[in-house]
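> next come a sequence and a model predicted from it.
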Amino acid sequence: MQDLLYFSQQLVNGLTIGSTYALIAIGYTMVYGIIGMINFAHGEIYMIGAYTALIAITGLATLGIAWLPVILLVALICAVIVSSSMGWAVERVAYRPVRGRHRLIPLISAIGMSIFLQNYVHLAQGSRNIGFPALIDGGFRFGAPESFQLSLSYMQITIFITTLVCMTLLSLFISRSRIGRACRAVSQDLGMANLLGIDTNRIISATFVIGASLAAVAGLLLGMYYGSVDPLFGFIAGLKAFTAAVLGGIGSIPGAMLGGLILGVSESMTSGYLSGEYKDVVSFSLLILILLFKPTGLLGKPEVEKI
Amino acid sequence: MTTHNLKHALFCAIVTVVIAYPILGLDLVAQGTQIGLEGATPTTIISIFLAAGIVFLFQLFRDNIMGNLGKLPKLNPLSGREPMPAEKRAKVEAWVLTGIIVLALFWPFVVSRGAVDLATLVLIYIMLALGLNVVVGLAGLLDLGYVAFYAVGAYTFALLYQYFGFTFWMALPIGALLAATFGMVLGFPVLRLRGDYLAIVTLGFGEIIRILLNNWTAVTGGPNGIGGIPDPTLFGMEFGRRVKEEGNTSFHETFGIAYSGEHKVIFLYLIALVLAVITALVIRRLMRMPVGRAWEALREDEIAARSLGLSRTAVKLSAFTIGAFFAGFAGTVFASKQGFISPESFVFLESAIILAIVVLGGMGSQIGVILAAVAVTILPELAREFSDFRMLVFGAAMVLMMVWRPQGLMPMRRIPIALKRQE
Amino acid sequence: MLEVQDLSMRFGGLLAVDGVSLDVQNHEIVSVIGPNGAGKTTVFNCVSGFYKPTGGKILFEGKEVQGKPDYKISRLGMVRTFQHVRLFGQMSVVENLLVAQHRHLNTNLLSGLLKTPDYRSREKRSLDKAAYWLERVGLLELANREAGNLAYGQQRRLEIARCMVTEPKLLMLDEPAAGLNPAETNDLNQLIMSLKEDYNVSVLLIEHDMSLVMDISDRITVINQGRPLASGTPDDVRQNDDVIKAYLGEA
């Protein structure tokens, strides 16, 4: 029973963190699906979302507002607005001018942007990590008090539900709305979409904004879950999220979800049964293995190289 | 200007405020155990709105501004002149290079120790950048984990010394060869990957190496690293005040001169100089050989290269291996220079810096890369007061270069080849 | 020399090539024609090793080569050009030709670094060959120009020269006349004929320009929608009803 509880705990933790990877991964997968480049700075967008949420929460606390739903809502809205604006600006400044050139160029521009944003926040807010209040406390406990107890916190449940809601909304948006249809058209054939009168620039900007918004949600959630933020934590999260996107099949939104969950569970299993130190090694190794044996990912479509 | 332009300009200005004000304008400060929010200084707020204003005006008048920029007279006074004929150019280059090398040989004896130390660091980065130039600039393979080979070189020396007492000269070739082996090992999994995926996998590889070094405490000392790495000796003569190893003599005693801390710094600098020159010459030679042409063909058009019988495997592996080899050189020198190494020196940021050097210098161009290495290493030292902004400016510079001049400061030029008319 | 038996190529649900057979003898020019999208380039890609065919056999000089990788097939003596010119744009014209001779050169690193006699003689030979072919296609003056800076017609000629420098047995040209004006097409005509006559190279050709095809081909194969439609001498094909129905109404 003990072992089952322990295993379940790792599973729960893994699914939790996996959901957040999925939220961030969507940003990568949508951008890659539409313009074929890795938005290296996406992890920083997530980090900025977390910081903004914290600033909003702190601001509200100073104003004396204590009602939880309001705090969360305001923090969410602020984070989404700032992150989306940042995502939009990054695309206009660093990616649009170099679109279509030899592939190394947008990638290096992206890396430069990532470094810039990390240091922007570092200089503005300091490099040490800042505590994030755990606004949602408590949870369920299963199992006898004397031995190992499986804990399922309200925060974790919140994360699951939020991710599910976001995914559903996004899928509906992509399949039903006009912009969503346009996104799919542009991701299949940019040139054709242009000829059909779709304003591809606006659609591309929209993609960045959507991805950034989801990253902001993840920022708020993970900030609360982990209890702290620092300027560099976006980088490693971004890398993991990218791994998740590739794992699930880059360009595929359900793939991002699947990839995120698989990655999260693998990490927490490694953490729980081997050692926490090596969980990053496991993530990267998973990435390398997937790219070696099934580069299109689990749910991706096989690509045929046009000669 | 149309209303559309006005709306757009307004929008951009608002975005500027949105992305700047919360992060810059509201500081999170610790107040006891709680976090509080502090409004920013008036200067910051004013600068934010000033920036927004500038963005607004720029977007409003963008077409005019860009048009006028294009009409500016060329800033380069030499750009109008005819390029020099090939042989004369080669001769001038040879003289200039010889002059520089001679200068570099004698210069350390007349400047301060700190300057020589810095110069050694510059030479290390030159080696790294030239090595990465092979992989990224010539072969077009975006390697974001290059720092791993650098680490292999450094740790090889440190470990060989710690466990077997190897000296610098013994460790140098071993470190370089081991780094080259790692290069080959990394090359295999990435053979079929396209540009972006290749970048991420190499990044992952670099991180894996760093994490392993950080956690394998029993062997590598973990986060504390390995210390006590010796300086290189000259035919058994050590450069310290007292001899550390049995059987060695001391440099200053052998020559009857007073001990000075400068000796070993200058000696290491000279070694680094020799190694850097070797690196540059060897790579220059390779560029003119079939292997170098194969790298460039791979970069230009892999499919065409394959259609001509070039084996993608062989070409990619050779690029990775040779690039990594020179990183091994640099690593060994670095270990000796610092006397102590830890995983801290081999983070992804280092790979990014070396990559930036290659890109800023002009991918493929050795001279451009060398100049960029000098600039990137020295400029932060000169602007010491702004060191906080160093990385910020660095990131911005990368973006700027890509947008404005992606071919780098000194783009690679083709080597003219004289052909005889065939009868 | 080249025998393609019942070739088929399937991409997921799409059967792009279905049962195509053709052959090229020594000292022969064979053209493959058909409406756009008929699968001609796919056939090329299968034969040259860029795609792994899902069915059928390809024999080169009697040995089976289907499924072999592209660079190995190239080394056997089958070289090809591409629908959209693929040059090494940032390398100079002559460097393009030197790279193509890679397997004739001494690629040993030490030999190169030490400039051994064998290395040097091979380099010289490759330079001479490059010069010869540049002159043959009229690009010798542009030897040190970046390949990407050439005019379109010049780029096409360079691509062919680059193939010839590898001393191939079979030259596969994918729409070599695309985008050329009538004068250039005429020159191309002469060039391809000369390759067959003077250098003993067989040519397999995809083309839409009917005058070129009818002029120089020894035999023609027609493909429509991935399936073989007709095959024979230019006269045979010209009079074939199916072919005429399919698309030969154009000049």
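The structure has been received and is ready for your questions.
> and the gap between the most far-flung residue of chain A relative to its centre and chain C?
For chain A, the residue at maximal distance from the C-alpha centroid (C-alpha atoms, centre = their mean) is residue A:146, at 37.4 Å. From residue A:146 across to chain C, the span is 58 Å (C-beta to the nearest C-beta, to the nearest Å). Where you see a C-beta, it was placed from the backbone N, CA and C, and this is true even at glycine.
> are we agreed that that residue is in a strand?
No - checked against DSSP: H, G, I helix; E, B strand; the rest coil, residue A:146 lies outside a strand; its state is coil.
> the strands in the chain, which residues?
Went with chain A since none was named. For chain A, strands defined by DSSP state E occupy the ranges A:130-131, A:139-142, A:150-153, A:228-229.
> nope, chain C please
C:2-11, C:14-24, C:29-33, C:55-60, C:63-64, C:78-80, C:170-174, C:202-206, C:219-224, C:227-232.
> surely residue B:304 touches residue C:91?
No - look at residue B:304 against residue C:91 with C-beta atoms under 8 Å: they stay out of range, at 10.8 Å.
> so which of the strands of chain A is nearest chain B?
Between chain B and the strands of chain A, the tightest spacing by C-beta to the nearest C-beta is seen for strand A:130-131, at 5.3 Å.
> pLDDT (mean, whole number) over the closest one?
Strand A:130-131 shows a mean pLDDT of 78.
> give the other helices and strands that it contacts.
With contacts defined as 3 or more C-beta pairs under 8 Å, 6 or more residues apart in numbering or on different chains; DSSP states H and E, strand A:130-131 has these neighbours: strand A:228-229.
> what lies in contact with the strand it packs on?
Residues outside strand A:228-229 that contact it (C-beta atoms under 8 Å, 6 or more residues apart in numbering or on different chains): A:47, A:50, A:51, A:54, A:129, A:130, A:131, A:132, A:223.
> go with 10 Å
Residues from elsewhere that reach strand A:228-229, judged by C-beta atoms under 10 Å, 6 or more residues apart in numbering or on different chains: A:47-51, A:53-54, A:121, A:125, A:128-132, A:219, A:222-223, B:28.
> for residue B:225, which non-adjacent residue is spatially closest?
Distance criterion C-beta to C-beta, 6 or more residues apart in numbering or on different chains; nearest residue to residue B:225, sequence neighbours excluded, is residue B:342 at 2.9 Å.
> so where's the chain shaky on pLDDT?
Since you didn't name a chain, this refers to chain A. A:1, A:144-145, A:147, A:301-307 (pLDDT under 70).
> wrong chain, I was asking about chain C
For chain C, the stretches with pLDDT under 70 are C:247-251.
> quick one: contacts for the residue most central in space within it?
In chain C, the C-alpha closest to the average C-alpha coordinate belongs to residue C:172, at a distance of 2.1 Å (C-alpha atoms, centre = their mean). The neighbours of residue C:172, taking C-beta under 10 Å, 6+ apart as the test, are B:307, C:2, C:24, C:32, C:43-44, C:47-48, C:78-82, C:163, C:202-206.
> ok, and which of the residues you listed reach chain A?
The subset of the contacts of residue C:172 within reach of chain A, by C-beta under 10 Å from any C-beta of the partner chain, is B:307, C:44, C:48, C:80, C:82.
> any weak-confidence spans in the stretch 201-350 of chain B?
Along the stretch 201-350 of chain B, the model assigns pLDDT under 70 to residues B:236, B:240-248, B:252-259.
> need the longest helix for chain C.
Looking across chain C with DSSP state H, the single longest helix is helix C:117-136.
> list the buried residues in that helix.
Across helix C:117-136, burial judged by 16 or more other C-beta atoms under 10 Å in any protein chain shown covers C:119, C:122-123, C:126-127, C:129-136.
> out of those residues, which is nearest to chain A?
Closest approach to chain A among these (C-beta to the nearest C-beta): residue C:133, at 24.5 Å.
> my guess is residue B:364 meets residue B:136, correct?
Yes - if you go by C-beta atoms under 10 Å, residue B:364 and residue B:136 touch, sitting 8.9 Å apart.
> who touches both of those two?
Common neighbours of residue B:364 and residue B:136 (criterion: C-beta under 10 Å, 6+ apart): B:299, B:358.
> where do the helices sit along the stretch 101-250 of chain C?
Shown for the stretch 101-250 of chain C, the helices assigned by DSSP state H, counting those that start in this stretch span residues C:109-114, C:117-136, C:152-164, C:182-199, C:210-216, C:234-239, C:241-246.
> wait, which of the ones you listed is closest to residue B:418?
helix C:117-136 (8.9 Å; C-beta to C-beta).
> for that closest one, the distance to its chain's centre please.
From the chain centre to the centre of helix C:117-136 is a distance of 22 Å (C-alpha atoms, centre = their mean, to the nearest Å).
> show me what that helix is packed up against.
Helices and strands touching helix C:117-136, as assessed by 3 or more C-beta pairs under 10 Å, 6 or more residues apart in numbering or on different chains; DSSP states H and E, comprise helix B:290-300, helix C:93-100, helix C:109-114, helix C:152-164, helix C:182-199.
> now mean neighbour count and distance to residue A:232 too, for these, in CSV please.
Conversion of these to CSV gives the following (neighbours: other C-beta atoms under 10 Å in any protein chain shown; distance: least, C-beta to C-beta, whole Å):
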stretch, mean neighbour count, distance to residue A:232
helix B:290-300, 25, 32
helix C:93-100, 27, 43
helix C:109-114, 14, 41
helix C:152-164, 22, 48
helix C:182-199, 15, 59
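> next, format the ones you listed as JSON lines and append distance to residue A:231.
What follows is these, written out as JSON lines (distance: least, C-beta to C-beta, whole Å):
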{"stretch": "helix B:290-300", "distance to residue A:231": "35"}
{"stretch": "helix C:93-100", "distance to residue A:231": "46"}
{"stretch": "helix C:109-114", "distance to residue A:231": "45"}
{"stretch": "helix C:152-164", "distance to residue A:231": "49"}
{"stretch": "helix C:182-199", "distance to residue A:231": "60"}
